[in-house]
Each structure stands twice: as structure tokens, then as C-alpha cells.
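Visitor: below is the structure, and that's it, no one-letter string:
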């Protein structure tokens with residue numbers, strides 16, 4: 001489930017907005033009861049260069065922790 005402030009990447013090209021698959025943005029608003037999201041794209045200095053409403057199938061949440069792996073207590077030593 002996509003949440004407010006999740007870091008996401010585009011899964012599609014959006015040439016109308018000069019945005020391309022793989023570009024990273026932040027969810028800044030949940031729209032249409034979770035059927036759309038406002039995603040803000042910023043440069044390295046934190047300046048917003050685009051903010052656009054996207055459907056869930058146009059973005060993927062970036063994961064910083066292992067997903068679906070056993071916890072440390074359940075992990076098998078290598």
C-alpha cells in the first residue's frame with residue numbers, strides 16, 4: 001500500500017511532463033481515496049521541478065529494508 005511521503009519511482013515514461021521511467025519522487029498527497037497520488041519530483045538541491053497526479057500502476061514504492069525475508073532470529077547462518 002502506498003503511503004504519504006513514500007519514495008517512489010516511475011514505472012512508465014511521461015513525456016508530457018518530461019518525466020521518464022525510473023525517476024524518483026515523493027508521494028505528497030493521497031487522492032481519490034487511494035486511487036491516485038500526487039507525486040513531487042525534486043532536483044538534488046530539493047527544488048521541485050514537477051508535481052503530478054499518478055495512478056498506482058504508474059509508480060512503485062522503493063524499499064530500503066529487505067522485503068519478505070526471515071527476521072534475524074530466524075535467519076540461517078551462512
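Guide: Received, thanks. Since this is a predicted model, take the numbers as computed values, not measurements.

Visitor: what's the pLDDT at residue 76?
Guide: On pLDDT, residue 76 comes in at 56.

Visitor: can you check residue 55 too?
Guide: Reading off the model, residue 55 has pLDDT 97.

Visitor: which ones are touching it?
Guide: Neighbour list for residue 55: 35, 36, 37 [criterion: C-beta atoms under 8 Å, 6 or more residues apart in numbering]. (Each C-beta comes from the backbone N, C-alpha and C, glycine too.)

Visitor: 10 Å instead?
Guide: Neighbouring residues of residue 55 by C-beta atoms under 10 Å, 6 or more residues apart in numbering: 12, 31, 32, 35, 36, 37.

Visitor: so who does residue 37 touch?
Guide: 2-4, 6, 8, 25-31, 52-56, 58-59.

Visitor: coming back round to it: what is the nearest of the contacts of residue 55 to residue 47?
Guide: residue 37 (20.6 Å; C-beta to C-beta).

Visitor: element containing that closest one, please.
Guide: Assigned by DSSP states H and E, residue 37 belongs to strand 36-42.
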